[in-house]
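Visitor: Provided below for reference: sequence and predicted model.
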Amino acid sequence: MKPPSIVRLTPGKRVLFLTKDAEVIRRQLRGEVELRMDEVDPADLLDDINTDVMTPAWVCFDWQPAEIAREAYAGLIVDGRRVFERDALVQGGFEVIVSGLRKGTGSSRETAAQCEKYAGIRIAIAGSFAPIHARNNINLGTLMAGYDVLARLQRGEGVPLEEFARGADPITRQIIEWGGLFPYSKALADGLVEPPPLATARRPMTMAEKILARHLVGGGEGRSVKPGDAVVVTVDAGYSHEFTTAQVHAFLEEQHGPGYRLEDPGRFAVFEDHLIYADEVARMRPFLPKIEILRAKQRRFQEHTGVRDFSAEDGVSPGICHEVARTRMVEPGDFVQATDSHTCMGGANNALTWGVGTTEYAALVHSGFTQVEVPESIRFELVGKLRPNVTAKDLMLHILLHYARPQATLNRVMEFTGPGVSTLSMDERATLANMATECTARSGIVAADGETFRWLGEWRPGGDVERWRERAVEPDADAVYHGGIHVIDLSALEPMVADPGDPDRGIASDPTNGARVADIGEVRIDIAYAGSCTAGKIDDLVFYHRVVREAVDSGWRVAPGVEFIIQCGSREVEDFVREQGFLDAFQRAGVRLIRPGCGACIGCGPGVSESAEQVTVSAINRNYKGRSGPGKLWLASPLTVAASAFTGRISAYEPGMFARVPAGA
């Protein structure tokens, strides 16, 4: 249904303020207090509400939006209990929800937007929104605005709909005016609306801009785009996984009938990776019947459409979708969309890739094209070379602390260029692109060089190397970077950790303090988890093995009471581990090596904490409260995670550290 041209609050409906004081939220839910924007300090509102808080993994097992709404904000836990009980938002009579900065950071799961939409929320107010979550709101028809608009609404004013579209590109404005992506797409097909023409003059462009210009529907040869342009572009590839495919299939049947067909199914794929180890987590076992339904629905989608099939065989996943996609699907110059926020990992291949919600994916997988607003970019010029005990993960924790936290990366494409790029392996470059989403960026893309093409040829024998070279992009010398160009000297970086709660809470190690990370004190650990799309690549396993071999050769074993889990990101990574003879050192050390797949990163596999008292040091990409169990989760590099497993406390790795100290000290 199209929203009215003048938006007003509905008499009898309520406004919910998500404050930092949980008791104030509870009192609003119980109907004991009503707040007004004129009386609320925005500093008292919750910042960085991530999508795991809005709909934890287990909520997503109910793929029907109405059921998801019943568990809205199930992940908001304070003092050991839920702030929102089941049906609290549905039964509260709210139509507006208010929060602080960076609303919806984290996973691309559209369920986070759906839980509000189908609980009756029609307006979301925040200081700022994470880009994928904002897009999901737009696609679902949820209006977004800032605090000034809410103050006017609460004073009884009618606010023109166009003010909710202020700053949006022309196509996004049309989607807002029609009440969401599906109504807009139907209006487009019926000839009731036309996309605005593109009239940008020739100009120097960034890597992201060049790729979007090349993909313009109707041909992009010789054409230019600029940030803010509304464009319709073709999509080269995409994928979904068992967490998301059920909704994609349901939405396509709803919009196009049970006999729907895809325009070009060979460009798209399904993966079975996220829930492959859910049965090993006690608190996930009650949901296994629902998980099996998701798997069955994905199989039906794949059989119905004929998309590429990366399902598990004999219970073993071929690998995490992002790792497999970059090795088998994503090519230089591609534009790729998939239903997961870490789709951006494909940017290591000099491609433009980002995650979308299920509504947007359903629309683009059906047609082969999509509508986007050309994003701004921020450039990181890398110089120097990382020290032997510093990895790309440490670089990203540095960027998260110094650039993402102040919002310099928000909704921008992070471009990585400079001579320092060529000192990084393709696996390390994948870490840079992968964690762009933790920076609440739109995506990350890495400049191509000879190593890019050599690596692609190694993974895809017989591939067209000349085509890859022709399609690769680099920024024009005078391209405009609205986020600036920032030089980072890789040789100056130290190992870093991020303390529990958010990846941008980085702490650097102190080289004067030996192998210990400074300022965090004696942090004893219970779990060291080494895996995920971010840290389950071949080079990551080489990092783990380097530390493990050095430790066991010096007489060390995994510290008593510590569980050290290493998980491969794909079957190819697992084969590499076996071929290189890594298993002997892992076994001697007391490491548990598990087969490919996702898992602990989303709370659905070995490595998940079981109590609030447990402490984990992990090489995954995000450490939001409750994401990987109820315990405290520290982020670190593969080297730091492996070293900490032996010392029993969070410790930055230093070459030779185990030989200098007696085993067990």
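Guide: Done, it's in.
Visitor: Which helix in the chain has the most residues?
Guide: Criterion DSSP state H: the longest helix present in the chain is helix 288-305.
Visitor: what separates that helix from the chain centre, distance-wise?
Guide: For helix 288-305, the separation from the chain centroid amounts to 23 Å (computed by Cα atoms, centre = their mean, to the nearest Å).
Visitor: for the record, mean pLDDT for the next helix or strand after it?
Guide: The helix or strand immediately downstream of helix 288-305 is strand 308-310, counting by DSSP states H and E. The average pLDDT within strand 308-310 is 97.
Visitor: elements contacting strand 308-310?
Guide: Using 3 or more Cβ pairs under 8 Å, 6 or more residues apart in numbering; DSSP states H and E, the elements in contact with strand 308-310 are strand 268-271. Heads up, the C-betas are built off the backbone N, CA and C, glycines and all.
Visitor: Adjacent strands (with direction) for the strand it packs on?
Guide: strand 237-241 (parallel), strand 308-310 (parallel) (DSSP bridges).
Visitor: closest one to A130 among the ones you listed?
Guide: strand 237-241 (20.2 Å; Cβ to Cβ).
Visitor: Can you list the neighbours in contact with the helix or strand following that closest one?
Guide: On the C-terminal side of strand 237-241, the closest following helix or strand by DSSP H and E is helix 245-256. Helix 245-256 is contacted by residues 63-65, 110, 182, 185-186, 240, 260, 270, 293-294, 297-298, 300-302, 304, 339, 358-359, 361-362, 365-366 when judged by Cβ atoms under 8 Å, 6 or more residues apart in numbering.
Visitor: by how many degrees do helix 245-256 and helix 288-305 diverge?
Guide: 50 degrees (axes from the mean of the first three to the mean of the last three Cα atoms, to 10 degrees).
Visitor: buried ones in helix 245-256?
Guide: 245-252, 255 (16 or more other Cβ atoms under 10 Å).
Visitor: any idea which of those is closest to V641?
Guide: T245 (31.4 Å).
Visitor: how close does that closest one get to H274?
Guide: Counting by Cβ to Cβ, to the nearest Å, the gap from T245 to H274 is 11 Å.
Visitor: For the chain, which element, helix or strand, carries the lowest mean pLDDT?
Guide: In the chain, the helix or strand scored least confidently by mean pLDDT, DSSP states H and E is strand 506-508, which has a mean of 80.
Visitor: for that strand, packing partners?
Guide: Contacts defined by 3+ Cβ pairs under 8 Å, 6+ apart place strand 506-508 against helix 392-399, strand 496-498.
Visitor: In the sheet, which strands lie alongside that strand, parallel or antiparallel?
Guide: strand 496-498 (antiparallel).
Visitor: Can you list the buried residues in the longest strand along the chain?
Guide: When the chain is parsed with DSSP state E, its longest strand is strand 377-383. Of all the residues in strand 377-383, those buried under the rule 16+ other Cβ under 10 Å are 377-382.
Visitor: Now for the closest residue to K393 other than its chain neighbours: which residues touch it?
Guide: Excluding the flanking residues, the one nearest K393 by Cβ to Cβ, 6 or more residues apart in numbering is S637, at 4.0 Å. Contact partners of S637, counting by Cβ under 8 Å, 6+ apart, are 390-391, 393-394, 495-496, 543, 619, 653.
Visitor: Give me the domain ranges for this structure.
Guide: The record's domain split for the chain, according to automatic domain parsing, is 6-189, 207-373, 508-665.
Visitor: Pipe those into TSV and attach distance to L410 per row.
Guide: Converted to TSV, the domains of the chain look like this (distance: least, Cβ to Cβ, whole Å):
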stretch	distance to L410
domain 6-189	7
domain 207-373	13
domain 508-665	16
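Visitor: Deepest in the core, which of the strands paired with strand 268-271 is it.
Guide: strand 237-241 (a mean of 25; mean count of other Cβ atoms under 10 Å).
Visitor: Where does the prediction get shaky in the stretch 401-550 of the chain?
Guide: Residue ranges of the stretch 401-550 of the chain with pLDDT under 70: 509-519.
Visitor: now with 50?
Guide: 510-516 (pLDDT under 50).
Visitor: For stretch 566-578, give me every contacting residue.
Guide: With Cβ under 8 Å, 6+ apart, stretch 566-578 has contacts from 316, 318-320, 323-324, 327, 529-533, 535-538, 540-541, 544-545, 583, 586, 591-597, 599-600, 605-607.
Visitor: Helices of the stretch 551-665 of the chain, residue ranges please.
Guide: For the stretch 551-665 of the chain, the helices defined by DSSP state H, counting those that start in this stretch cover 571-579, 582-589, 638-647, 657-660.
Visitor: now for these, which one comes closest to V90?
Guide: Closest to V90 of these is helix 638-647 (Cβ to Cβ; 40.7 Å).
Visitor: Now the closest one: average pLDDT?
Guide: pLDDT averaged over helix 638-647 gives 97.
Visitor: now it against helix 392-399, angle please.
Guide: 110 degrees.
Visitor: Now do helix 638-647 against helix 582-589, angle only.
Guide: In terms of direction (the same axes, to 10 degrees), helix 638-647 departs from helix 582-589 by 30 degrees.
Visitor: change the start of the numbering to 2 and stick with it
Guide: Fine by me, first position is 2 from now on; the one you just mentioned is helix 639-648.
Visitor: could you dump helix 639-648 to PDB, C-alpha only?
Guide: Extracted C-alpha coordinates of helix 639-648, given in PDB (Å, rounded to 0.1, in the frame of the first residue of the first chain):
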ATOM      1  CA  PRO A 639      44.800 -15.800  13.600                       C
ATOM      2  CA  LEU A 640      48.300 -15.500  15.100                       C
ATOM      3  CA  THR A 641      47.000 -14.000  18.400                       C
ATOM      4  CA  VAL A 642      44.200 -16.600  18.600                       C
ATOM      5  CA  ALA A 643      46.700 -19.500  18.200                       C
ATOM      6  CA  ALA A 644      49.200 -18.000  20.600                       C
ATOM      7  CA  SER A 645      46.500 -17.400  23.200                       C
ATOM      8  CA  ALA A 646      45.400 -21.000  23.000                       C
ATOM      9  CA  PHE A 647      48.800 -22.100  24.400                       C
ATOM     10  CA  THR A 648      49.300 -19.400  27.000                       C
END
